Structures are given as C-alpha cells and as structure tokens.
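Trainee: Test case, fold it:
(one chain, ligands or ions: 2)
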Amino acid sequence: MTHKVHFRTFDIELEVADGQTILDAALAAKIDYPCGCQSGNCGACKSRLFTGKVDLAPYSEFALETSERDQGLVLACRSVPLTDCEIAPLDQDEVVAHPHRVMDCKIGRITEATHDIRVIQIDVIGGGPFSFSPGQYAALTFSGLPPRDFSMANRADEDRLEFHIRRITGGKVSDHILDQLKVGDRVNVEGPYGVSYLRKLHRGPILAVAGSTGLAPIKSIVGSALQIGMKQSIYLYLGVRDERDLYMTDALELLATDYPSLTFTPVLSEPSEQVKYRSGLVTDAVLSDFDDLDGCKAYIAGPPAMVEMAVEKFQLLGIRREDCHADAFYTEAEKAILDQGE
Ligand SMILES: Cc1cc2nc3c(=O)[nH]c(=O)nc-3n(C[C@H](O)[C@H](O)[C@H](O)COP(=O)(O)OP(=O)(O)OC[C@H]3O[C@@H](n4cnc5c(N)ncnc54)[C@H](O)[C@@H]3O)c2cc1C
Ligand code: FES
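Mentor: Ligands and ions are numbered 1, 2, ... in the order given. Model (predicted):
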C-alpha cells in the first residue's frame, strides 16, 4: 500500500511505496533533498514531520537526539510512512546546491603522508566540472571495489582533487589504496555529498577540530575560509595518537604564520615519548582552552567516537547544536551494525 507524502519546502506530493523511505522516494523523484550517509548516521536529512506517522528504522543518537525525536523531528533516510505525511527538511543556514556529478578521474599523485595515510591527488577527465563546498565529500569507486566515502581536502577553487586516506584494518578500499594504487589508475568520483560545509557568511570565531584524516575536510574548510578573506579567529586542532601519525604539520604551521588569525594546535593522545606537542584527547584540549564557545561555529571531522564526544562536550561550553557541523567517518562495519539494529 502506498502513502502520499507532501514535501512542504518543494511543494511536491509523491506516492511512497510500501517499505520505501521518504528520502529514497524524494531522491528517485530528483528532489534535491539534503542528505549524506543515507544510513541514519550523519543527521544531514533531519526533517520536521508536520503530519502523519512514520516507522523509524534504527539510527544513531548522534544523528537524531531523543529530545529532537520528542519534538517531532525525524530522519528522512530512516522514515517509512505508515500514513499520509507532510515533511520538510530542517532549515539549514546558507543552503548550497551543486550539480551532482559522476566523474571519470585519474590518479595524478600519491604521497606517503604517514605509515598508514596516503594523500592522493586526482584529475577529473570526464563528467565535470566538479563544484563543491569546502567540507563536503564524494564516493570513490576503484575498479572492482565497492564505493567508499572520502572528503575533499583541496580548496573548492582548486582543480585537482585531494583526498587523505587512512588504512582501516581489513578494509578493502583503503588496503587497495595503500598497497596497490598507482599514478595513472582510474577512479570514479561521485558527489558532492554532505552538509558539514563552510558557512561563508558566519562572522564569529571558527573552531575546526580534526581527528587523523578528519584533517581532509577541515583543511579544505580552513584553507578556503582564509583564501576568501574570512577575518575571524580560526582555531584548528589536529588530534592523533602519536607523533608518527601527524602529517602536514609543516604546511599548517606555515599557514598559521602567513595568517595570524589562524592558530594551529596538534594534540597527541598516546605519545610514546616526551614530545614538543600537547598531549591528551583533542576534545579535552579544546575544553581546557575555552570558557565559552557561544557564537562560534565548530567544524568537526574524524573517527565517530571523537566526533560524537566533541559535539556533546562543546555544547557544555555554550555552542548551539546547530552550529556544530560534524562529519563522523563511519566505516561500512559501523553502518552495518546500525542496519542490523544492534
Ligand atoms: C562522510 C564520510 C567521509 C569520510 N571521509 C574520509 C576521509 O576523508 N578519509 C578517510 O580515511 N576516511 C574517510 N571516511 C571513512 C571511510 O569512508 C571508511 O573508513 C571506509 O569505509 C574505508 O573503506 P575500506 O573499504 O577500506 O574499509 P571497510 O570496508 O569500511 O572496512 C572497515 C572494517 O569493517 C569491516 N567490514 C566491512 N564491511 C563490513 C560489513 N558489511 N559488516 C561487518 N564488517 C564489515 C572490515 O573488515 C574492516 O575491518 C569517511 C566516511 C564518511 C561516512
Ligand atoms: S542521510 Fe539521513 S542520517 Fe545521514
């Protein structure tokens, strides 16, 4: 049995098939509905359900807090209508829309950033031009492998795409990138996706917090903010385990010298010896450096545990949840756990 769903923002009504999610129906009808992971993890499709009832498949508390659920918010990617409904995505500040692209690309350069991180640069050969907002991500498909999400690290005005890839133990795609990828290999790049992008109109301070390769979107955000002349203070924190996991620190220190508005703080959680860097959890470093984050925007990216803790703890310093733009780097295993409802 189908149900009618009215999409208030777009003033469109669709028949949604039995068992189909509202997001699937919207995307199939080419509605530009905000979304990211499509698996209840990121919160990008958070929506207000004005009328009707939906069955909500399992989702992470990070994507939709219980208090938000109680106020009538839902995730469109997890919502299967049980009755006719009316819905609208939550208002986003500074909405951006870029054309969706499926591009044929070629690996232009591979750099060994650390023992388990490669920086790859990619040239678009066909299907472009590619426009995106700093902080967004794309799905990369290498020949014979499943697609995986990786965030653009280059500024949006730069032609060559840059990605930072960390090896996940047993991970098909990251193993391939670290062990076999060569300059000249082809890759399909599809996107852009995600709503944790730089808000260019914001005038308050910017807190940019990266865990490991979470630096990719954060580098794009910070580099773009400086390049377009955003004048506010930008506090960039990079959290890794040990000194051998740090990368691009020289370039970021140089950037901080060129732009006095930028402060760069690497933080090591498990330093093996006395080092010149701060130690501890990157979230604790932020908590000890600030008394009040009211009026800031926070951009946070990296391992899910770090991102979830940062969003929770930073709110204790007065930042609003809607000013925390966060991308948790869920792996396929983590997405699968959620899909099984565990
Ligand atoms: C929005 C977003 C942006 C991201 N950006 C970046 C980035 O810029 N840089 C970066 O390094 N990472 C990024 N990630 C994370 C990256 O997409 C994952 O780490 C990716 O899954 C790695 O792919 P893989 O094939 O190497 O590992 P996966 O296939 O994901 O495997 C990871 C682990 O899960 C296990 N596994 C795989 N499939 C299943 C399953 N179905 N059930 C149970 N276990 C399974 C594997 O054995 C392995 O141990 C991002 C993730 C998201 C969601
Ligand atoms: S797209 Fe729905 S939670 Fe990510």
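
Trainee: Most proximal residue of the stretch 101-250 of the chain with respect to ligand 1?
Mentor: At 2.3 Å from ligand 1, residue 171 is the closest residue in the stretch 101-250 of the chain, using CB to the nearest ligand atom. The way it works is simple: take the backbone N, C-alpha and C, and place the C-beta from them, glycine included.

Trainee: mind giving me the domain split of this protein?
Mentor: The chain breaks down by automatic domain parsing into domains covering 3-89, 101-193, 206-332.

Trainee: can you list these in JSON lines and add distance to ligand 2, mean pLDDT and mean neighbour count?
Mentor: Output for the domains of the chain, formatted as JSON lines (distance: least, CB to the nearest ligand atom, whole Å; pLDDT from 0 to 100; neighbours: other CB atoms under 10 Å):
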{"stretch": "domain 3-89", "distance to ligand 2": "3", "mean pLDDT": "92", "mean neighbour count": "18"}
{"stretch": "domain 101-193", "distance to ligand 2": "9", "mean pLDDT": "96", "mean neighbour count": "18"}
{"stretch": "domain 206-332", "distance to ligand 2": "9", "mean pLDDT": "95", "mean neighbour count": "19"}
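
Trainee: ok, back up a step: correct me, but the residue of the stretch 101-250 of the chain closest to ligand 1 touches residue 331?
Mentor: Yes - using CB atoms under 8 Å, residue 171 makes contact with residue 331 at a distance of 6.9 Å.

Trainee: the strands in the stretch 201-342 of the chain, which residues?
Mentor: Using DSSP state E, counting those that start in this stretch, the strands of the stretch 201-342 of the chain run over 206-211, 234-240, 262-268, 278-279, 297-302, 324-328.

Trainee: How about the stretch 51-200 of the chain?
Mentor: Taking DSSP E, counting those that start in this stretch as the criterion, the stretch 51-200 of the chain carries its strands at 54-56, 73-75, 79-81, 85-89, 101-112, 117-126, 137-142, 148-151, 161-166, 186-193.

Trainee: Turn the ones you listed into TSV, including distance to residue 297.
Mentor: Output for those, formatted as TSV (distance: least, CB to CB, whole Å):
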stretch	distance to residue 297
strand 54-56	29
strand 73-75	21
strand 79-81	28
strand 85-89	20
strand 101-112	27
strand 117-126	26
strand 137-142	19
strand 148-151	17
strand 161-166	22
strand 186-193	20
